[in-house]
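Participant: next input, structure requested:
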Amino acid sequence: MARIPLQRIRNIGVIAHIDAGKTTVTERFLFYSGESHKLGEVHDGDAVMDWMSQEQARGITITAAATTLPWKGNHVNLIDTPGHVDFTIEVERSLRVLDGAVAIFCGVAGVQPQTETVWRQAEKYRVPTISFVNKLDRVGADFSKVIKMIKERLEIEPLPVQIPLGAEKEFRGVVDLAGMKALLWSEDDLGASPEVTDIPEAFLEEAAESRKAMIESLADMDEEILALYLEDEDLPPEKIALSIRRLTLARKITPVLCGSALRNKGIQPLLDAVVDFLPSPVDIPPVSGIDPETGKKVFRTAGAKQPFCALAFKIITDQDRRLTYFRVYSGTVRVGQTVLNPGRNIKEKVARIFRMHANKRERLSEAGPGEIVAATGLKNTSTGDTLSDPAHPLLLEEINFANPVIFVAVEPRTVSDSDRLHAALEKLSGEDPTFAVRTDEETGQTIISGMGELHLEVLLDRLTTDFRVQVRSGRPQVVYRETITGSHTHRAAFSRDIGGQLVKAEVELSLEPLPRGTEFSFAFSATASALPEEVREAIREGVTESLGAGMLAGYPLIDLRVIVTDVSSRLVEEYPLAFKIASARCFREATMSAGLILLEPIMSLEIITPEEFVGEIIGDINGRRGKITALNQQGVLRAIEATAPLSEMFGYSTALRSQSQGRATFSMQFHSYEAAPPGKGI
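Facilitator: As a prediction, this is how the structure comes out:
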């Protein structure tokens, strides 16, 4: 198999708020590139990328699906990501291995809450983006309003490289500002062959002004364009494109294109922008990691002759086989090759390698740098693990995962279900790092945790449909936290007669509260820092292990600082365990005197609704102990921004549909922990 030149590879993700049109855009990518021979539609349940039965039933993307497609001699590895906040881990781990992203914006709603979340995730991994304003054929669509929202809310310079021809039902095509040509799409051929023509006279003035504004923006940031602009030269499209590419790779701008994916308008220029403006593997900095043997930082460039290095970012169970998705950063991996997982210090053999097309597989004999593939045989590799050449080990930075905020108890319906339940839950937790399973030691119940109601609903559905396990589940419960409200210094001791000698360890701890969201801080005073390392480690373990269950209601403790201020001992040098016991006892007793309170998770909401339902919706939010933070106009709709306790939001989607005759939508994501009212969670 001929190797694809690195300069012609693009690794991109499609990101956006739920229902902005990500999957519809991806389906058009596949159709116009020739990878798919029919237009799959989300609303018909036949989209190629939404292959799970749970996705087809709900009409939303749940899992990030990978595919590849050709475009004008380039090879595009594409991941279609979910837009629902419950599945934000799919966006996080996808962006960790991608080089660029296409952000989709609804032409009516503009920048929505989950758009901001996924944009921050792209910023975290320094992923260059291009933007596509979709649904310009809908009533209330406003291209200029969306541009303004991108600038204000996402804190990046949006650079329109197109303007729409018409709006709402009159939307016909776009104007390419670099080439000053109009692109029109016909309904007859499903938009496969856009007509390139002169700009209609009615749009000439607007196009000229927009082109001038685009060039002036480029001149402000690009010295080469500035020099040509000052010489009053008419900039050719090629010069403009190179400037846009430079500034996009530097993440100074996001080029903005527009269209209507459902009406098959604007997709081909968007694919052109993917290969013209987004980076190839050679355009990104060399990947860096730690040599596990020396602890030194090591860099690897994208090259086939470099030592093999890859990051596993997704695990799925498909047809009873475990598939590990990974991005190859350097070197080449072949079928039958043994690779090292340096984080776990184990070696594994790659049994088969596949190029994935959603849930379909194309077998490969090898995978080189820049490739995103899946493999079987990696039985002990998990999400975030590094794979490397055993002779040249390298440990890449892991992926950070959000903590679950909601949990529910499950139990098998029959004895035969009981036998299969544990194995099924183990596979699901291996696939999804934000899904956790534990057994309550006091009740013996199996507790599953997730990111929201829909997340747990989908997982419970998968137990039945994918693993053929019938379960009963209780009402979801909220994961509370505990913290302290005041400072307190406490001293506690452990003493015991061991072998005729009194072993005694005494520890003094100082506790003080920290601001919300700072989690936990631990330190030793100057005096305590002189203790032997094994003793300090024992004290640290005693405190950190005690954080897991507070004295108020048994929930984990957060947002506090612990300082070891003093220690004393007798014949304890050989018994560091005594220090661990003393510090754990001291911490528990100290928290009881430091004003323990319960914290509950608070969610941020945005509700988009017609004007006539605003009053009833606000009244309902207030009744749920919520707070309205903003009330904005979005065309003919109103946007209500609010915060509310998660414990009050169960069943809200049903309530909102009832209040708005099914016309309002909402999104919800974790905001912070705040003090719970008396009696809550206990």
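
Participant: just to check, residue 552 is in contact with residue 596?
Facilitator: Yes: proximity of residue 552 to residue 596 meets the contact threshold set by Cβ atoms under 8 Å, at 4.4 Å. Yep, even glycine has a C-beta here, placed from its N, CA and C like the rest.

Participant: count the residues that sit near the nearest residue to residue 471 once chain neighbours are set aside.
Facilitator: Among residues not flanking residue 471 along the chain, residue 410 sits closest, at 4.7 Å (Cβ to Cβ, 6 or more residues apart in numbering). Using other Cβ atoms under 10 Å, residue 410 has 21 other residues around it.

Participant: ok, residue 410 - contacts?
Facilitator: Residue 410 is in contact with 421, 446, 447, 448, 460, 471, 472, 473, 474, counting by Cβ atoms under 8 Å, 6 or more residues apart in numbering.

Participant: what number of residues lie near the fifth one?
Facilitator: It stands for residue 460. Residues lying near residue 460 (other Cβ under 10 Å) number 19.

Participant: need the pLDDT of it.
Facilitator: If you check residue 460, the pLDDT there is 89.

Participant: rewinding a little: quick one: which of the contacts of residue 410 has the most company?
Facilitator: When neighbours are taken as other Cβ under 10 Å, the top entry among these is residue 448 (25 neighbours).

Participant: and the helix or strand encompassing residue 215, average pLDDT?
Facilitator: Element membership for residue 215, per DSSP states H and E: helix 201-221. Mean pLDDT, computed over helix 201-221, is 94.

Participant: one more: stretch 512-526?
Facilitator: On average, stretch 512-526 scores 89.

Participant: now residue 352. Nearest residue, chain neighbours left out?
Facilitator: Excluding its sequence neighbours, the residue lying closest to residue 352 (Cβ to Cβ, 6+ apart) is residue 376, at 4.8 Å.

Participant: list the contacts of the one you found.
Facilitator: Counting by Cβ under 8 Å, 6+ apart, residue 376 touches 321, 322, 323, 324, 351, 352, 354.

Participant: what do you get for residue 210?
Facilitator: Counting by Cβ under 8 Å, 6+ apart, residue 210 has contacts 160, 163, 175, 177.

Participant: OK, contacts around the first one?
Facilitator: Shown here is residue 160, whose contacts under the criterion Cβ under 8 Å, 6+ apart are 143, 147, 177, 210, 213, 214, 256, 258.

Participant: next: the last one.
Facilitator: Taking Cβ under 8 Å, 6+ apart as the criterion, residue 177 is in contact with 160, 161, 162, 163, 207, 210, 211, 214.

Participant: thinking again about what came up before, flag every buried residue along the host helix or strand of the residue nearest to residue 471.
Facilitator: Using DSSP H and E, residue 410 sits in strand 406-412. For strand 406-412, burial by neighbour count (16 or more other Cβ atoms under 10 Å) applies to 406, 407, 408, 409, 410, 412.

Participant: could you check how far the fourth one is from residue 473?
Facilitator: Counting by Cβ to Cβ, to the nearest Å, the gap from residue 409 to residue 473 is 7 Å.

Participant: cool, and the second one?
Facilitator: Between residue 407 and residue 473 the distance, using Cβ to Cβ, works out to 11 Å.

Participant: find residues that contact each of those two.
Facilitator: Common neighbours of residue 407 and residue 473 (Cβ under 8 Å, 6+ apart) do not exist.

Participant: so where's the stretch 101-250 of the chain uncertain?
Facilitator: 233 (pLDDT under 70).

Participant: now do the helices in it.
Facilitator: 113-124, 143-154, 201-221, 223-230, 237-249 (DSSP state H, counting those that start in this stretch).

Participant: center of the protein, which residue is that?
Facilitator: For the chain, the residue nearest the mean C-alpha position is residue 92 (2.6 Å; Cα atoms, centre = their mean).

Participant: isn't that residue right up against residue 398?
Facilitator: No: between residue 92 and residue 398 there is no contact under Cβ under 8 Å: 11.6 Å.

Participant: and residue 674, which of the three is it?
Facilitator: What DSSP: H, G, I helix; E, B strand; the rest coil gives for residue 674 is strand.

Participant: what packs against the helix or strand hosting residue 326?
Facilitator: Here residue 326, judged by DSSP H and E, is contained in strand 321-330. For strand 321-330, the packing partners by 3 or more Cβ pairs under 8 Å, 6 or more residues apart in numbering; DSSP states H and E come out as strand 309-318, strand 372-376.

Participant: on that earlier part again, now the contacts of residue 177 as JSON lines including distance to residue 244?
Facilitator: Shown next, in JSON lines, are the contacts of residue 177 (distance: Cβ to Cβ, whole Å):
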{"residue": "160", "distance to residue 244": "11"}
{"residue": "161", "distance to residue 244": "7"}
{"residue": "162", "distance to residue 244": "12"}
{"residue": "163", "distance to residue 244": "15"}
{"residue": "207", "distance to residue 244": "17"}
{"residue": "210", "distance to residue 244": "14"}
{"residue": "211", "distance to residue 244": "13"}
{"residue": "214", "distance to residue 244": "9"}
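
Participant: pull the most distant pair out of those.
Facilitator: Greatest spatial distance among these (Cβ to Cβ): 161 and 207, at 11.8 Å.

Participant: distance-wise, check the residue nearest to residue 471 relative to residue 433.
Facilitator: For residue 410, the distance to residue 433 (Cβ to Cβ) stands at 19 Å.

Participant: and the residue lying closest to residue 179 once chain neighbours are set aside, how far is that from residue 231?
Facilitator: Nearest non-adjacent residue to residue 179, counting by Cβ to Cβ, 6+ apart: residue 237, 4.7 Å away. For residue 237, the distance to residue 231 (Cβ to Cβ) stands at 18 Å.

Participant: and the two? Which one has more around it.
Facilitator: Neighbours per residue, other Cβ under 10 Å: of residue 237 and residue 231, the larger number sits with residue 237, 13 against 7.

Participant: my read is that the more buried one contacts residue 181, right?
Facilitator: No: taking contacts as Cβ under 8 Å, residue 237 lies outside contact range of residue 181: 9.3 Å.

Participant: tell me the one among the contacts of residue 177 nearest to residue 8.
Facilitator: If you rank the contacts of residue 177 by distance to residue 8 using Cβ to Cβ, residue 161 comes first, at 22.0 Å.

Participant: just checking, that closest one touches residue 244?
Facilitator: Yes: contact criterion Cβ under 8 Å: residue 161 and residue 244 qualify, at 6.7 Å.

Participant: okay, these two: which has more neighbours?
Facilitator: Using other Cβ under 10 Å as the criterion, residue 161 and residue 244 rank with residue 161 on top: 27 against 24.

Participant: not counting its neighbours along the chain, what's nearest the more buried one?
Facilitator: residue 255 (4.9 Å).

Participant: show me what that neighbour is bridged to.
Facilitator: On the basis of DSSP bridges, residue 255 is bridged to residue 159.

Participant: kindly calculate the angle that the biggest strand by length in the chain makes with helix 113-124.
Facilitator: Counting residues, the longest strand found in the chain (DSSP state E) is strand 596-610. Here strand 596-610 points in a direction 120 degrees away from that of helix 113-124 (axes from the mean of the first three to the mean of the last three Cα atoms, to 10 degrees).
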